[in-house]
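> Fold the following and give me the result.
(one chain, ligands or ions: 1)
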Amino acid sequence: MSITHHPTEATVLDHAAGRMHAATGAVVAAHLQACPQCRALARMGEAIGGSLLEALTPEAMAPDALAVAMALLDRPAPVPPAPPPPALLDGVELPRVVQRLAQRRGGLGRWRWLAPGIQRISLLPEPGARRDGTVLYLLKIAPGTAIPEHGHHGHEMVCVLAGSFTDALGQFRPGDLAETGPEVEHTPVADAGTSCICLSATDAPLRFRSRAARLMQSVMGY
Ligand SMILES: [Zn+2]
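Residues are numbered from 1 along each chain as shown. Next up, the predicted model:
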């Protein structure tokens with residue numbers, strides 16, 4: 001997989017600090033699974049975040065902490081194991097984060113018509129969950145179909161899983177991540193050949209930018 005479009009370093013560090021919304025975080029997780037370069041940055045962020053945390057919490061462990069942890073490990077799981085997650089969709093291997101979300105929902109469900117040439121499977125919010133304007137879905141775009149300007153009021157993140165699309169920023173192929181803000185107007189068009197399947201999230205107008213991630217950025221000199 002040759003990846004040419006990556007999330008910003010700030011986004012990778014936000015993800016490493018656990019400060020992203022589940023929907024946009026899932027798209028970054030899908031990219032990280034495919035991208036060793038960003039995984040290395042995320043690991044560095046996690047390590048620095050961990051050492052900051054240690055510096056902030058100097059309390060010693062309780063003397064029986066290890067025994068308690070071991071006892072918890074010995075306990076049987078309180079719920080029966082869920083059925084295995086669906087690994088493939090239309091012959092395309094799904095990122096682990098999508099498999100886990102589908103497992104929680106009891107399956108992926110089926111493609112639903114969204115617009116001519118465009119189908120969608122909703123992943124977040126989960127059924128019954130509070131709606132906060134942030135959504136995560138799988139999109140299948142027929143070859144040659146343009147995604148009309150889709151009312152971004154916030155940020156959008158898209159990771160390609162199969163096929164490809166092209167917009168003003170270039171061509172996006174499997175593993176590539178497109179990160180666009182409200183100032184960007186773009187009209188992605190699925191390339192000829194096979195349908196383009198993507199994992200796509202849009203967040204609420206105010207995107208959370210963590211202080212911890214900014215601190216890590218300054219420590220790391222980005
Ligand atoms: Zn990357």
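
> List, one by one, the residues from this structure near the ion.
Proximity of the chain to the ion (Cβ under 5 Å from the ion) is limited to residues His6, Cys35, Cys38. To be clear about C-beta, it is placed using only N, CA and C from the backbone, and glycine gets the same treatment.

> quick check: mean pLDDT across the helix or strand where Leu138 lies?
According to DSSP states H and E, Leu138 maps onto strand 135-141. Averaging pLDDT along strand 135-141 gives 94.

> Show me the shaky parts of the chain.
1, 53-54, 56-85, 148-153, 184-185, 204-222 (pLDDT under 70).

> ok, and what's touching stretch 96-114?
26, 29-30, 33, 82-87, 89, 94, 119-124, 126-127, 136, 138-140, 199 (Cβ atoms under 8 Å, 6 or more residues apart in numbering).

> at 6 Å instead, please
Applying Cβ atoms under 6 Å, 6 or more residues apart in numbering, the contact partners of stretch 96-114 are Ala26, Ala29, Ala30, Ala82, Pro85, Pro86, Gln119, Arg120, Ile121, Leu123, Lys140.

> Show me which of these are buried.
Using 16 or more other Cβ atoms under 10 Å as the burial test, the contacts of stretch 96-114 include Ala26, Ala29, Ala30, Pro85, Gln119, Arg120, Ile121, Leu123, Lys140 as buried.

> if I pick the first one, what's in contact with it?
Looking back up the chat, that one is Ala26. Ala26 sits next to Val97, Leu136 when contact means Cβ under 6 Å, 6+ apart.

> One more pass at 8 Å, please.
Ala26 neighbours (Cβ under 8 Å, 6+ apart): Val97, Val98, Leu101, Leu123, Leu124, Leu136, Leu199, Ala201.

> before we move on, what SS does it have?
helix (DSSP: H, G, I helix; E, B strand; the rest coil).
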